[in-house]
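K.L.:
I would like the atomic coordinates for the input below:
(chains A and B)
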There are 2 protein chains.
Amino acid sequence: MPASKEYREFLELVRDIGMLEQIGGLLSWDEQTYMPPGSFQQRARYNAVIAGVVHEKLTSQKMGKLIKALKKQKLSSDGEAILRNVERKYKRASSMPADLVKEITRTASLGMEAWVKARSDSDFKKLEPLLDRMIGLKFRETECIGYEDRPYDALLDEYEPGMKAGDIDLLFPRFLGKLKPIAEKILGETEPVDVIPPGTYPLEEQRKFIARLCSDIGFDMNCGRIDISAHPFTSGTGSDVRITVKYDENNPAIAIFPALHETGHALYEQGFLEKYYHTPLADAISLGIHESQSRFWENVVGRSIYFWKYQYPKLQHTFPGIGKMSPDAFHRYINRVKRSYIRIDADEMTYNMHIMLRYDVESAIFDGKLKTHEIPAFWNERFKNYLDIEVPDDASGCLQDIHWSIGAFGYFPTYALGNIYSAQLWDAAKRKIPGLEDRIMAGDVSVLLDWLRKNVHRHGKRYDAKELIRRVTGETINEDHFIRYAKEKYGSIYGISL
Amino acid sequence: MPASKEYREFLELVRDIGMLEQIGGLLSWDEQTYMPPGSFQQRARYNAVIAGVVHEKLTSQKMGKLIKALKKQKLSSDGEAILRNVERKYKRASSMPADLVKEITRTASLGMEAWVKARSDSDFKKLEPLLDRMIGLKFRETECIGYEDRPYDALLDEYEPGMKAGDIDLLFPRFLGKLKPIAEKILGETEPVDVIPPGTYPLEEQRKFIARLCSDIGFDMNCGRIDISAHPFTSGTGSDVRITVKYDENNPAIAIFPALHETGHALYEQGFLEKYYHTPLADAISLGIHESQSRFWENVVGRSIYFWKYQYPKLQHTFPGIGKMSPDAFHRYINRVKRSYIRIDADEMTYNMHIMLRYDVESAIFDGKLKTHEIPAFWNERFKNYLDIEVPDDASGCLQDIHWSIGAFGYFPTYALGNIYSAQLWDAAKRKIPGLEDRIMAGDVSVLLDWLRKNVHRHGKRYDAKELIRRVTGETINEDHFIRYAKEKYGSIYGISL
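P.N.:
So this is what the prediction gives:
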């Protein structure tokens, strides 16, 4: 059916907003890669200006009128999906008073500064007043946005639309119940002793190896880049998707796995259909689904024995110094499981417990059961429960992540959801693609990428996460796939029955 | 006096617009340095969106009302200068109908594409239809903007506010009358035979040398960067100013002089006062004044014997391969004067004639005396008059520059104005700073930069070019300083009386 005048205007406005958001993303990429250090404060103002323009356009009278008009029209299925998603975003943005948005932004800036100091001094007290103020503001935010059951739902919905605290309250304990016995069995085993042979692995060689590796799994370098930043991240969409890595001259694995992780994010962003660029149909469903893609390529594929059967000889060829390490020893090394304090250094087994701990804290706060000053003690006690080691200080404990100080509550659970989704997608892919492991062993991952493109990437936000996972895997979110995956992999690595 | 509510609102809006313009500049920097090639079309749309937002805000009802209100208020001298400049910009932007702006932008995109093709085929006919359409659109623009005497004035005013075709009609022939006899005398001499010794000058060494050189003359690398692009340019302002260069492994001079040129632009942008950032008081007066700064550091200082007395031993130390060339031979080499077809390769003497030729074409077009199809013949005939050589083809002739195909008429004269201003400023600096040449010879250029900061940079658009030059040099624009400079320098290099 021919699009109405209102629909065309609506789509143009939606695309303008989408492009302005991408411009904001580019500013942030630049800030973390090439921006001169002296421009930090100037850049903060540029970020605020772009965010302001996006907010103005998204909550404009024009947008309100167009949405209202289109709801009375018969739209194509594309149009309906776009309208539904934009309306959701419009409502969230419109429900927030401008002074609250500003106050949260301001407190986040101060909070980030305070967090850097508090973490470096390992002193929670130095963050506490600002964190407390932020929590108060986020409570106000939940009231503005609204929720059915619990305030936390309003926050979670920003990152994982459709999911509720009630869902996670069921999922995480069930997941933990199955995961913990396996993890404990593995942790009871002797750690693999082989490590990357000490030596220098030239950065330029690492850079080339990683560029080739990421291209091999499908990263389109004509529409993307790889740069360096303090913390790896992915930025951009469509024909301009950029990832960053951080190299370590003494260990190429330090850059390889984050690079595979970010490439997973990048493949999702490069997998949208061009005709939908800058609309919700070329946008990630949720952070959980985004993370499922990064974890898929980093862990499920990238830490598999199949993958390295093909890639390890290339690694050895590039770095003769690594030659003495056998492929199996390398595979054990990159999959060693151990207790650790820091989330971002954790293996794929214990990582999930780091996340559950954070969810416990967040949900307790927004259920009104945990006061800001009680966070360190609560954290330490829970950490002991999950991982059976004592947290030595706040820096290795509740101060390690930036998220809360900048107001990102409701974000953490999506990391564990990503892990669960990734294994679930892997099992579905194996059912649909005969001889998948053999093909990966032969260096052919394109069949897998094609399958993800067709089943996940190209849909954008046409379905929500629940519906997409149901369509692709035939069931709703199910942690059993991750459990089976873990048993098989670690059983084989450690030579034990799990 | 305390600022009124209207003034504060006005200033915030002005700064938002200034920042959005800088964001547009950053997009353009990125496009020419790091953007993945596959994102060319996507980026064109991003550029259009930012330009659209800037135009919306600049021509908004809110801006109109604030300007009107402030014109009735007593403002500080800062406020008056800001208001005067913003009103000028507001009027220009408001006078242009949206459909004309769009049509010019669209035709510029097509024109750029056609120009690339036409130049590569050396066939003016392939550009002619689009250039003709662009000229028609620019005529319409002059009618919208308005002018007192000649349509061309409306175009020139965009780049060199306050200057008119009538002024240039007096200035350029007077300049030429004095310049041509000197240039011809020099061109009659034998060219210096010494050239950079053939060999490889490693890029990484060149990069370091240039970074140090630019820092030496005052480029603040904490608030700036140097990258690589196909055509050198400067981007950004205030605490984030970026220049680009293009290296040639066989000749370090290929990158050095463009780097000094761009550093001159960068020093201007870094020389604004922070309290005025993103207002007209932290913005360049005109392209002519901007070019005076780049030419100052590239030519007047950067190609002087004083400058290289200090820097040449460093160059020899970095590149032992250059060692056999004497400092005097190097100085002669970097100042060789010769007839050439291509403007951007021209020396500082003949360069001015390349510009006068372009002005002849532009002013004839907008005086209605030259039709689009007559441009090549007119160009070739004039070129013969100015430089006494026959243009072999359109690629080496009227197709060499991109400017006209994207609608930038009125831009070229500012290059020659920059040359004239630069020599005039040099004479003023010499009068004010005792022993200036000796200090430069000793490696101390900071006294000169301080003088420019104080007399030129820090004022932003507080004065127009005419007024600034009068305040700094005690007179209006005067080509005699360039002539004296040229006579002295080239008389000495060629050992002749000029």
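
K.L.:
Give the residue spans of chain A that score low on pLDDT.
P.N.:
For chain A, the stretches with pLDDT under 70 are A:1, A:192.

K.L.:
For the spatially most central residue of it, which non-adjacent residue is spatially closest?
P.N.:
By CA atoms, centre = their mean, chain A has its centre lying nearest to A:E291, at 4.0 Å. Excluding its sequence neighbours, the residue lying closest to A:E291 (CB to CB, 6 or more residues apart in numbering or on different chains) is A:G418, at 2.5 Å. Just so you know, the C-beta spots here come from the backbone N, C-alpha and C atoms, and that holds for glycine as well.

K.L.:
I'd guess that neighbour is in a helix, am I close?
P.N.:
Yes. According to DSSP: H, G, I helix; E, B strand; the rest coil, A:G418 belongs to a helix.

K.L.:
now it: how far from A:V456?
P.N.:
Going from A:G418 to A:V456 by CB to CB, to the nearest Å gives 12 Å.

K.L.:
between these two, what contacts are shared?
P.N.:
A:I289, A:Q293 (CB atoms under 8 Å, 6 or more residues apart in numbering or on different chains).

K.L.:
for stretch A:293-301, the distance to its chain's centre please.
P.N.:
Distance of stretch A:293-301 from its chain centroid, counting by CA atoms, centre = their mean, to the nearest Å, is 11 Å.

K.L.:
what's the longest helix seen in chain A packed up against?
P.N.:
Ranked by residue count under DSSP state H, the longest helix found in chain A is helix A:5-33. Counting contacts by 3 or more CB pairs under 8 Å, 6 or more residues apart in numbering or on different chains; DSSP states H and E, helix A:5-33 packs against helix A:40-58, helix A:61-71, helix A:77-95, strand A:234-237, strand A:240-245, helix B:5-33, helix B:40-58.

K.L.:
tell me which parts of the stretch 151-300 of chain A are close to chain B?
P.N.:
A:220-225, A:227, A:238-242, A:277 (CB under 8 Å from any CB of the partner chain).

K.L.:
hmm, 6 Å instead?
P.N.:
Within the stretch 151-300 of chain A, the positions adjacent to chain B are A:N222, A:C223, A:G224, A:R225, A:G238, A:S239, A:D240 by CB under 6 Å from any CB of the partner chain.

K.L.:
of all those, which two lie farthest apart?
P.N.:
Distance extremes for these: the farthest pair is A:R225 and A:G238 at 13.7 Å, using CB to CB.

K.L.:
ok, of the residues of the stretch 151-300 of chain A next to chain B, which come out buried?
P.N.:
With neighbours counted by 16 or more other CB atoms under 10 Å in any protein chain shown, those contain buried members at A:C223, A:G224, A:R225, A:G238, A:S239, A:D240.

K.L.:
pretty sure the first one is in contact with A:T237, am I right?
P.N.:
Same thing as A:C223. No. Counting by CB atoms under 6 Å, A:C223 does not reach A:T237; the two are 10.0 Å apart.

K.L.:
hmm, back to that, out of the helices and strands packed on helix A:5-33, flag the one nearest B:K117.
P.N.:
Closest among the helices and strands packed on helix A:5-33, using CB to CB: helix B:40-58, at 15.6 Å.

K.L.:
how about that closest one as PDB, C-alpha atoms only?
P.N.:
Extracted in PDB, the C-alpha atoms of helix B:40-58 (Å, rounded to 0.1, in the frame of the first residue of the first chain):
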ATOM      1  CA  PHE B  40      30.300   7.500   2.100                       C
ATOM      2  CA  GLN B  41      26.600   7.800   1.300                       C
ATOM      3  CA  GLN B  42      25.500   7.200   4.900                       C
ATOM      4  CA  ARG B  43      27.800  10.000   5.900                       C
ATOM      5  CA  ALA B  44      26.400  12.400   3.300                       C
ATOM      6  CA  ARG B  45      23.000  12.000   5.100                       C
ATOM      7  CA  TYR B  46      24.500  12.600   8.500                       C
ATOM      8  CA  ASN B  47      26.100  15.800   7.200                       C
ATOM      9  CA  ALA B  48      22.800  17.000   5.900                       C
ATOM     10  CA  VAL B  49      21.000  16.200   9.200                       C
ATOM     11  CA  ILE B  50      23.500  18.300  11.200                       C
ATOM     12  CA  ALA B  51      23.400  21.100   8.600                       C
ATOM     13  CA  GLY B  52      19.600  21.000   8.900                       C
ATOM     14  CA  VAL B  53      19.600  21.200  12.700                       C
ATOM     15  CA  VAL B  54      22.000  24.200  12.500                       C
ATOM     16  CA  HIS B  55      19.800  25.900  10.000                       C
ATOM     17  CA  GLU B  56      16.700  25.300  12.000                       C
ATOM     18  CA  LYS B  57      18.200  26.700  15.200                       C
ATOM     19  CA  LEU B  58      19.800  29.700  13.500                       C
END
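
K.L.:
Tell me if that helix is near chain A.
P.N.:
Yes. Using CB under 6 Å from any CB, helix B:40-58 reaches chain A at B:Q42, B:Y46, B:V49, B:V53.

K.L.:
what about the residue of the stretch 351-498 of chain A found nearest chain B, how many residues close to it?
P.N.:
Nearest residue of the stretch 351-498 of chain A to chain B: A:G460, at 16.2 Å (CB to the nearest CB). For A:G460, the number of neighbouring residues by other CB atoms under 10 Å in any protein chain shown comes to 24.

K.L.:
A:P181: neighbouring residues, count only.
P.N.:
A:P181 has 12 neighbours, counted by other CB under 10 Å.

K.L.:
So it belongs to a strand, correct?
P.N.:
No. Looking at A:P181 with three-state DSSP, it is helix, so not inside a strand.

K.L.:
A:F10: neighbour count?
P.N.:
Around A:F10 there are 24 residues (other CB under 10 Å).

K.L.:
Any figure for the gap between it and B:V116?
P.N.:
36 Å.

K.L.:
A:R332 too?
P.N.:
Using CB to CB, A:R332 is found at 55 Å from B:V116.

K.L.:
buried sites along whichever strand or helix holds A:L425?
P.N.:
Assigned by DSSP states H and E, A:L425 falls within helix A:413-432. By 16+ other CB under 10 Å, the buried positions in helix A:413-432 come out as A:413-429.

K.L.:
cool, stretch A:120-135 as well?
P.N.:
A:D123, A:F124, A:K126, A:L127, A:E128, A:L130, A:L131, A:R133, A:M134, A:I135.

K.L.:
Just give the nearest non-adjacent residue to the residue of the stretch 251-400 of chain A found nearest chain B, would you?
P.N.:
With CB to the nearest CB, the shortest gap between the stretch 251-400 of chain A and chain B falls at A:Y277, namely 7.1 Å. Leaving aside its sequence neighbours, A:Y277 sits nearest to A:G238 (CB to CB, 6+ apart; 4.6 Å).

K.L.:
Distance of that neighbour relative to B:L468?
P.N.:
Counting by CB to CB, the gap from A:G238 to B:L468 is 46 Å.

K.L.:
Tell me which residues touch A:A255, please.
P.N.:
By CB atoms under 6 Å, 6 or more residues apart in numbering or on different chains, the contact set of A:A255 is A:Q206, A:V245, A:Y247.

K.L.:
Chain B: which of those is nearest?
P.N.:
Nearest member of these to chain B, counting by CB to the nearest CB, is A:V245, at 15.4 Å.
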